[in-house]
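Visitor: no sequence on this one, just coordinates:
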DNA sequence: CCCGAAGTACGACCGCTGTCAAACTTTGAT
DNA sequence: ATCAAAGTTTGACAGCGGTCGTACTTCGGG
């Protein structure tokens, strides 16, 4: 079980080079915003990175794959393989430098609207 | 030429009651973001409110009407009639209370990406 | 009174994207 | 070697939303 398999590592653009349009396109979808929010909660709690299957999502696996790619290409998350599963980490600092205040504003609004941590899971 | 005609005044929801989803739906469109940015620039310069036809937009009148309505229903702008024209004002304070930091983050990113004030107009 | 200017309302069209199922790949365990 | 688990890829489909043109309304001026 190697960590961070070099061979199958996906592309990770520099957030500073991502157009605002692409970032907003990524954040406008409720499923993707739910993913980001769950990652933010885990990050705040200093919990381990979450694998794709570890999220609370009401969509099929192929749709989830699609959402993760959109988030990754928008510079919002980093993905790395651990065995057969893929871990996801929020690129908080890098993204925050490129788009100051944006992620916080969105996640804060999301939390204000839905204080429950993750419907269906404890936490 | 009456100001703020009471009879034909459109609905203006309280920004605090608008779902985050609706706000992001409003801000994700580049034409609407351009409108917001121009209003923000005018507001910063303490310039007068801009009428619908006074914006630099590359769309038809009916499309523009559509965009203004989306922005108004998202709690982002206020519209009032002056004669036959409709003035538009950014609801900065009220919206900022409901969604702290969001408008600033988006407009700042927009300005960073396109420093020109308004392509095609002086300013 | 009549016309033009400024927007709005309505219908239609079209492209984009979120969605899924199915087939495939890769990894780890038995 | 085999099998299951975790994701990816591809192709297809459906619905939403941005766009426009046209007709309509309202206001102000000559």
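Guide: Good, I have the coordinates. Computed from a predicted model, the values in this text were never measured in an experiment.
Visitor: who's in contact with residue A:55?
Guide: Counting by CB atoms under 8 Å, 6 or more residues apart in numbering or on different chains, residue A:55 touches A:34-35, A:38, A:64. Where C-beta positions appear, they are placed from N, C-alpha and C, glycine not excepted.
Visitor: farthest-apart pair in the residues you listed, please.
Guide: Spatial extent of the contacts of residue A:55 (CB to CB) is set by the pair A:38 and A:64 at 12.3 Å.
Visitor: in helices, which of the contacts of residue A:55 fall?
Guide: A:34-35, A:38, A:64 (DSSP state H).
Visitor: about what we covered before: can you put the contacts of residue A:55 in TSV and add neighbour count, pLDDT and distance to residue B:77?
Guide: Shown next, in TSV, are the contacts of residue A:55 (neighbours: other CB atoms under 10 Å in any protein chain shown; pLDDT from 0 to 100; distance: CB to CB, whole Å):
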residue	neighbour count	pLDDT	distance to residue B:77
A:34	19	98	28
A:35	26	98	31
A:38	21	98	33
A:64	17	98	36
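Visitor: near DNA strand D, list only the ones from the residues you listed.
Guide: Of the residues in the contacts of residue A:55, proximity to DNA strand D by CB under 7 Å from any atom of the strand holds for residue A:64.
Visitor: among the contacts of residue A:55, which one lies nearest to residue B:111?
Guide: residue A:35 (28.4 Å).
Visitor: spit out the contact partners of that closest one.
Guide: A:55, A:57, A:67-68, A:71, A:77, A:88.
Visitor: can you give me the strands in chain A?
Guide: All strands of chain A, identified by DSSP state E, fall at A:50-51, A:77-82, A:85-90.
Visitor: tell me if the first one is near DNA strand C.
Guide: No - using CB under 7 Å from any atom of the strand, no contact is recorded between strand A:50-51 and DNA strand C, whose separation bottoms out at 12.6 Å.
Visitor: so what secondary structure elements neighbour that strand?
Guide: Secondary-structure packing of strand A:50-51 (3 or more CB pairs under 8 Å, 6 or more residues apart in numbering or on different chains; DSSP states H and E): helix A:30-44, strand A:85-90.
Visitor: do the same with the last one
Guide: Using 3+ CB pairs under 8 Å, 6+ apart as the contact test, the elements touching strand A:85-90 are helix A:30-44, strand A:50-51, strand A:77-82.
Visitor: returning to what we had before: rebuild the strands of chain A as JSON lines, extending it with mean pLDDT and mean neighbour count.
Guide: Below are the strands of chain A laid out as JSON lines (pLDDT from 0 to 100; neighbours: other CB atoms under 10 Å in any protein chain shown):
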{"stretch": "strand A:50-51", "mean pLDDT": "98", "mean neighbour count": "18"}
{"stretch": "strand A:77-82", "mean pLDDT": "97", "mean neighbour count": "18"}
{"stretch": "strand A:85-90", "mean pLDDT": "98", "mean neighbour count": "18"}
